[in-house]
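**Q** coords below, sequence missing:
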């Protein structure tokens, strides 16, 4: 069963709209309500969609809502990290089916890192897919979220940056050979951008941006409800814009990159330096070698002057990054998230002040700016949603293949 262009548009509308009634679906797909009704009936008959209650329509009459049939299959998302990595699966309605944590152990030899990541990730995936509820025969898509720079279209992990030993690695193909299923790869900022756009309960926007603050800095962009990649698949690499001409050396080889100021390790490094200089702070009681974001957050909550001042200063740089994104892409919504955003309560005001200083009011009119504390599973779930979205675009072919396997 192959879906034609109109059928695909209707299916996308069912998945994307907040209240997918027949009329709303017809408008979104650019077709008549009669055509929409016929397509919805066909998709229901094929078991791809189902009715999902009613909502009060025009004139007070109830309008039927439609949703994707969650029992079609599953999508799987993986988030690779230097510490704890995660695998999650969701049904086709976006409900979480299963979650699993694992740790990738890397040797001291950079040359062995690729084979270790592939071998350990593939084995964890195989074990995960054997579990009840994660049958590989019903897996509709698999996506892996990665740190660093990724060419998603070619399935190549270009640079690991903080993960050493990664240079132009065809990770998608390498994992596919190990597990026997096509593997998409994405960078973390795009996974989180897609998660924020797609997660249940969020008001969906066509054009949005997600500023990722973690061990790396990046931007995930969505235009017309689709992830934006640019000509080479590298759009949004804001972390390597120069923020300080005479700043610290970045892992990319340049100096003064935004990543050398706003990444988790850069923020911790700045605190360590000031503590070693003898600045008074409750953080002096902590071994600087073990200092982390949680310690800094706790100090800020207790009105520690060093923590409050340093985070306010950090907020200015966050505001600079946000201003650049707003001026370049003019999104409806900008979300600041990632591991560093756990500190956002203490740098948000400074960031907003800088944005209002740098951006003309007309660009900010009607725009939403959110500071979101990302959950530990958000990257993996974002990868799940990307895999699901890709599956929806070719769902007819996928279902034919799955039915032949059974």
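**A** Thanks, I have it. All figures in this text were calculated on a predicted structure; none of them were measured in a lab.

**Q** From now on I want contacts and neighbour counts done on CA atoms only, so please keep to that.
**A** Noted.

**Q** which residues touch residue 165?
**A** For residue 165, the contacting residues are 110, 111, 112, 113, 114, taking CA atoms under 8 Å, 6 or more residues apart in numbering as the criterion.

**Q** Any idea how many residues pack against the fourth one?
**A** Counted by other CA atoms under 10 Å, the residues lying close to residue 113 total 19.

**Q** how close does it sit to residue 82?
**A** Going from residue 113 to residue 82 by CA to CA, to the nearest Å gives 11 Å.

**Q** Likewise for the first one?
**A** From residue 110 over to residue 82 the distance is 13 Å, taken as CA to CA.

**Q** thinking again about what came up before, mind checking which of the contacts of residue 165 land in helices?
**A** If you go by DSSP state H, the contacts of residue 165 have 113, 114 in helices.

**Q** now the contacts of residue 165: which count as buried?
**A** 113, 114 (16 or more other CA atoms under 10 Å).

**Q** Make TSV from the contacts of residue 165 and add pLDDT and distance to residue 252 to it.
**A** Listed next are those as TSV, based on pLDDT from 0 to 100; distance: CA to CA, whole Å:
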residue	pLDDT	distance to residue 252
110	83	16
111	83	18
112	86	21
113	87	18
114	87	19
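
**Q** got the phi/psi numbers for residue 212?
**A** Here the main-chain torsion angles of residue 212 (degrees, to the nearest 10) amount to phi -90, psi 120.

**Q** what's around it, how many residues?
**A** Neighbouring residues of residue 212 were enumerated by other CA under 10 Å; the total is 29.

**Q** For it, list the residues it contacts.
**A** Applying CA under 8 Å, 6+ apart to residue 212 gives the contacts 188, 189, 192, 218, 219, 220, 336, 337, 338.

**Q** now do residue 264
**A** 213, 214, 215, 216, 293, 339, 340.

**Q** my guess is the last one meets residue 217, correct?
**A** No - Residue 340 lies out of contact with residue 217 (CA atoms under 8 Å); the separation is 10.0 Å.

**Q** Same drill for those two, tell me which one is more crowded.
**A** Neighbour comparison, residue 340 and residue 217: the larger count goes to residue 217, with 27 against 21 (by other CA under 10 Å).

**Q** Which strand residues bridge the more buried one?
**A** Counting by DSSP bridges, residue 217 forms beta bridges with residue 213.

**Q** so what pLDDT did the residue nearest the centre of the chain get?
**A** Compute the mean C-alpha point of the chain, and by CA atoms, centre = their mean the closest residue is residue 192, 1.6 Å away. We note a pLDDT of 90 for residue 192 in this prediction.

**Q** Can you tell me the SS state at it?
**A** Counting by DSSP: H, G, I helix; E, B strand; the rest coil, the backbone at residue 192 sits in helix.

**Q** where do the strands sit along the stretch 101-250 of the chain?
**A** With DSSP state E, counting those that start in this stretch as the criterion, the stretch 101-250 of the chain has strands at 139-146, 149-151, 156-159, 167-169, 184-187, 208-213, 217-223, 226-227.

**Q** Do me a favour and average the pLDDT over the fifth one.
**A** With pLDDT averaged residue by residue, strand 184-187 scores 94.

**Q** on contacts alone, who are the packing partners of that strand?
**A** strand 139-146, strand 149-151, helix 171-179 (3 or more CA pairs under 8 Å, 6 or more residues apart in numbering; DSSP states H and E).

**Q** which residues are in contact with stretch 348-362?
**A** When contacts are taken as CA under 8 Å, 6+ apart, the neighbours of stretch 348-362 outside the stretch itself are 312-313, 315-320, 322-323, 326-327, 371.

**Q** What residues of that stretch count as buried?
**A** Neighbour-count burial for stretch 348-362, counted by 16+ other CA under 10 Å, picks out 348, 350, 351, 352, 354, 355, 358, 359.

**Q** Next step: those restricted to helices.
**A** Restricting the buried residues of stretch 348-362 to those inside helices, with DSSP H as the criterion, leaves 348, 350, 351, 352, 354, 355, 358.

**Q** From residue 348, how far off is the fifth one?
**A** What it means is residue 354. Distance of residue 354 to residue 348, given as CA to CA: 10 Å.

**Q** could you check the angle helix 348-358 makes with the top helix by length along the chain?
**A** With DSSP H setting the assignment, residue counts place helix 305-329 as the longest helix in the chain. When axes from the mean of the first three to the mean of the last three CA atoms, to 10 degrees is applied, the directions of helix 305-329 and helix 348-358 differ by 40 degrees.

**Q** For residue 230, what are phi and psi?
**A** Residue 230 has phi and psi values of phi 80, psi 180 when expressed as degrees, to the nearest 10.

**Q** Could you measure from it over to residue 282?
**A** For residue 230 relative to residue 282 (CA to CA), the value is 46 Å.

**Q** Those two: which has the busier surroundings?
**A** For residue 230 versus residue 282, the count of surrounding residues by other CA under 10 Å is larger for residue 282: 19 against 10.

**Q** OK, contacts around the more buried one?
**A** With contact set as CA under 8 Å, 6+ apart, residue 282 has these partners: 299, 304.

**Q** how close does it sit to residue 3?
**A** In this structure, residue 282 and residue 3 are 62 Å apart, going by CA to CA.

**Q** Residue 165 now?
**A** Where residue 3 is concerned, residue 165 sits at a distance of 43 Å (CA to CA).

**Q** I'd say residue 373 and residue 214 touch.
**A** No - the pair residue 373 / residue 214 is not scored as a contact, 11.5 Å apart, by CA under 8 Å.

**Q** Compare the two and say which is more crowded by neighbours.
**A** When residue 373 and residue 214 are compared for neighbours, residue 214 comes out ahead with 21 against 18, by other CA under 10 Å.

**Q** Now do the helix or strand where residue 86 lies and strand 139-146, the angle between them.
**A** Secondary-structure element containing residue 86, defined by DSSP states H and E: strand 84-91. Computed with the same axes, to 10 degrees, the direction of strand 84-91 lies at 150 degrees from that of strand 139-146.
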